[in-house]
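*Asks:* Below are the sequence and a predicted model for it; my questions follow.
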Amino acid sequence: MRLEKCWFCSSTVYPGHGMQFVRNDAKVELLLPLLCFAIIFRRSMPLLYVDMQHCTCSLFGCAILYLLFIGAFIIGIAKMYLTIILLQIFRFCRSKCHKNFKMKRNPRKVKWTKAYRRLHGKDMTQDSTFEFERKRNRPERYDRNLAENTLKAIKKIDKVRVDREAKHHALRMKGKKAKVQREATKELEQSIHMVKAPAALQQEPSLALPKIKVKVSHQQAEEKRQMEE
Amino acid sequence: MATRLQFENSCEIGVFSKLTNAYCLVAIGGSENFYSTFESELADVIPVVKTSIGGSRIIGRLCAGNKKGLLVPHTITDQELQHLRNSLPDQVVVQRLDERLSALGNCIACNDHVALTHTDLDKETEEMITDVLGVEVFRQTIAGNLLVGSYCAFSNRGGLVHPHTSIEDLDELSTLLQVPLVAGTVNRGSEVIAAGMIVNDWTAFCGSDTTATELSVIESVFKLREAQPTAIVDEMRKSLIDSYV
């Protein structure tokens, strides 16, 4: 049993959930210089969101590709295409992600995915805690002490990672206090009529700004009463 | 000394087991007869490890290795990988590969010094083979077949290839691998050599359908007969005994 990540939204796919799509024969035509650059430096290309380590070049070895690239550059050939064959296993956590994939949506442009959030700086990207969770292809002999320490370490690392993510979020949300205050006073001045009718405002002093009291002399008030009677 | 055996009524031994100079892998679910044959020959010398790869029993065709290392495909589960690592000696490096051609036993044929691989293998996989197995890698075909791992079986002392290999190809391969090669069959004319037999420097196991002729060819090309004391005595008798009275 292995907990995989959904290719689209990057959430964990638990056993018994989701779908898997194995593409073993996707042939892609790529610009030769770009391909050379990608193979040599082993970075995932911006055009395709496919991991280059699963590519196999069916025609040339790496060194020859590089020479061809240089040759093409010198001769001035604008484009040289090369087909490569890809293996990728796409795992999806639920049909929502699968359907989005079938619609050929780029997860980096779909707002609710982790890929988008990471790309646009909403979530933490580079951290040393992510290094611990990498998939390893060369196992080590089982050692009871090591296993025990690993279990303890997992708990600690999780806690550290969560704390760091919270800090990142707090940092992102910081610097809003003054703006929020200004907006609140303006709203109170201008749109209080949305909340309470103006007549009610006069009766309840707490909703309006404090009234200025003007002192009236006692004789004037008495005269007015006599007149009314 | 070549032994004949069967796995669940199938003569394709090379599919269900893998033999090298440092370890032997066998599939689970077979009869105890199958295991006892291996253990009687090998138990004192090298570890015999029961395993599966990705839940399947065709381990001989999925993994490739020699005494320095073992390469397994990405379909192997983490638990099986850990089991292999725990059971094999520390000198053997166990490595999982992310490779499109995941039946590594069909794509890679190797001994302790040289490996023949499928022509379409990744550049990265080739580097991994050189690194883990400590061998020189050649991309070749055998009698026009890309699956070199299944159509030839070779050890450090000799090799057996597909029967339709031309003589030029045979010579070329022989010079590449630096071992004597013979084109032959196994299991009553089966061309898939590596599926029908497994071999290392001192033993070989074949399917029970293998004829006596095929067996003698195997024993002579892999130089297994000379290890037996009777063979040495036979050769020496001619020089020791002058005449019979």
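*Replies:* Done, it's in. If you're wondering where the values come from, they're calculated on a predicted model, not measured in any experiment.

*Asks:* For the spatially closest residue to residue B:222 that is not a sequence neighbour, give me its contacts.
*Replies:* Of all residues not flanking residue B:222 in the chain, residue B:158 sits nearest, at 4.5 Å (Cβ to Cβ, 6 or more residues apart in numbering or on different chains). Any C-beta I mention is one placed from the backbone N, CA and C, and that applies to glycine too. By Cβ atoms under 8 Å, 6 or more residues apart in numbering or on different chains, the contact set of residue B:158 is B:179, B:180, B:181, B:182, B:221, B:222, B:223.

*Asks:* number of nearby residues for the closest residue to chain A within chain B?
*Replies:* Using Cβ to the nearest Cβ, residue B:100 is the residue of chain B that sits closest to chain A, at 3.7 Å. Look at residue B:100: counted by other Cβ atoms under 10 Å in any protein chain shown, it has 18 neighbours.

*Asks:* what's the burial count for the closest residue to it other than its chain neighbours?
*Replies:* Excluding its sequence neighbours, the residue lying closest to residue B:100 (Cβ to Cβ, 6+ apart) is residue A:87, at 3.7 Å. Applying other Cβ under 10 Å, we find 22 residues neighbouring residue A:87.

*Asks:* Is residue A:87 located within a strand, as I assumed?
*Replies:* Yes. Counting by DSSP: H, G, I helix; E, B strand; the rest coil, residue A:87 is part of a strand.

*Asks:* Over to the residue of chain B closest to chain A: give its phi and psi.
*Replies:* The phi/psi pair for residue B:100 (degrees, to the nearest 10) reads phi -60, psi -40.

*Asks:* Let me see the contact set for residue 21.
*Replies:* This is for chain A. A:89, A:90, A:92, A:98, A:101.

*Asks:* could you do chain B instead?
*Replies:* B:46, B:66, B:67, B:112, B:156, B:200, B:201.

*Asks:* repeat that with 7 Å
*Replies:* By Cβ atoms under 7 Å, 6 or more residues apart in numbering or on different chains, the residues touching residue B:21 are B:67, B:112, B:200, B:201.

*Asks:* Now it. Nearest residue, chain neighbours left out?
*Replies:* residue B:67 (4.2 Å).

*Asks:* Same check on residue B:41?
*Replies:* Nearest one to residue B:41, counting by Cβ to Cβ, 6+ apart, is residue B:203 at 5.4 Å.

*Asks:* Compute the number of surrounding residues for the one you found.
*Replies:* 21.

*Asks:* Give me the next element, helix or strand, following the helix or strand hosting residue A:182.
*Replies:* Assigned by DSSP states H and E, residue A:182 falls within helix A:177-190. Using DSSP H and E, the helix or strand that follows helix A:177-190 in sequence is helix A:198-203.

*Asks:* Would you mind writing the CA trace of that next one as CSV?
*Replies:* What follows is helix A:198-203, C-alpha atoms only, in CSV (Å, rounded to 0.1, in the frame of the first residue of the first chain):
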residue,chain,number,x,y,z
PRO,A,198,-31.8,56.9,9.5
ALA,A,199,-34.9,57.4,11.7
ALA,A,200,-33.7,54.6,14.0
LEU,A,201,-30.2,56.1,14.1
GLN,A,202,-31.5,59.2,15.8
GLN,A,203,-33.2,57.2,18.5
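
*Asks:* So which helix or strand of chain A has the lowest pLDDT on average?
*Replies:* strand A:55-57 (a mean of 38; mean pLDDT, DSSP states H and E).

*Asks:* Run through the residues that contact the residue nearest to residue B:41.
*Replies:* By Cβ under 7 Å, 6+ apart, the neighbours of residue B:203 are B:1, B:41, B:224.

*Asks:* The first one: neighbour count?
*Replies:* When neighbours are counted by other Cβ under 10 Å, residue B:1 registers 13.

*Asks:* you'd agree it is up against residue B:223?
*Replies:* No. Look at residue B:1 against residue B:223 with Cβ atoms under 7 Å: they stay out of range, at 11.3 Å.

*Asks:* Is chain A within reach of stretch B:68-80?
*Replies:* Yes. Stretch B:68-80 lies within reach of chain A by Cβ under 7 Å from any Cβ of the partner chain, at residue B:78.

*Asks:* Secondary structure element for the closest residue to residue A:110 other than its chain neighbours, which one?
*Replies:* Among residues not flanking residue A:110 along the chain, residue A:116 sits closest, at 5.9 Å (Cβ to Cβ, 6+ apart). Using DSSP H and E, residue A:116 sits in helix A:114-119.

*Asks:* So what touches that helix?
*Replies:* Residues contacting helix A:114-119 (Cβ under 7 Å, 6+ apart): A:9, A:10, A:107, A:108, A:109, A:110, A:123, A:125.

*Asks:* got the contact list for residue 109?
*Replies:* In the absence of a named chain, chain A is used. Counting by Cβ under 7 Å, 6+ apart, residue A:109 has contacts residue A:116.

*Asks:* meant chain B actually
*Replies:* Residue B:109 neighbours (Cβ under 7 Å, 6+ apart): B:115, B:116, B:148, B:149, B:152, B:154, B:194.

*Asks:* so how far is stretch B:132-151 from its chain's centroid?
*Replies:* 13 Å (Cα atoms, centre = their mean, to the nearest Å).

*Asks:* what pLDDT, on average, does that stretch get?
*Replies:* Average pLDDT, stretch B:132-151: 94.

*Asks:* how long is it from one end to the other?
*Replies:* In stretch B:132-151, first residue to last residue: 23 Å (Cα to Cα, to the nearest Å).

*Asks:* So what touches stretch B:131-140?
*Replies:* Applying Cβ under 7 Å, 6+ apart, the set of residues contacting stretch B:131-140 is B:65-66, B:68-69, B:71, B:93, B:95, B:110, B:113-117, B:119, B:126, B:129-130, B:148, B:173, B:176.

*Asks:* Counting neighbours, show which residues of it come out buried.
*Replies:* For stretch B:131-140, the neighbour count (16 or more other Cβ atoms under 10 Å in any protein chain shown) marks B:132, B:133, B:134, B:135, B:137, B:140 as buried.
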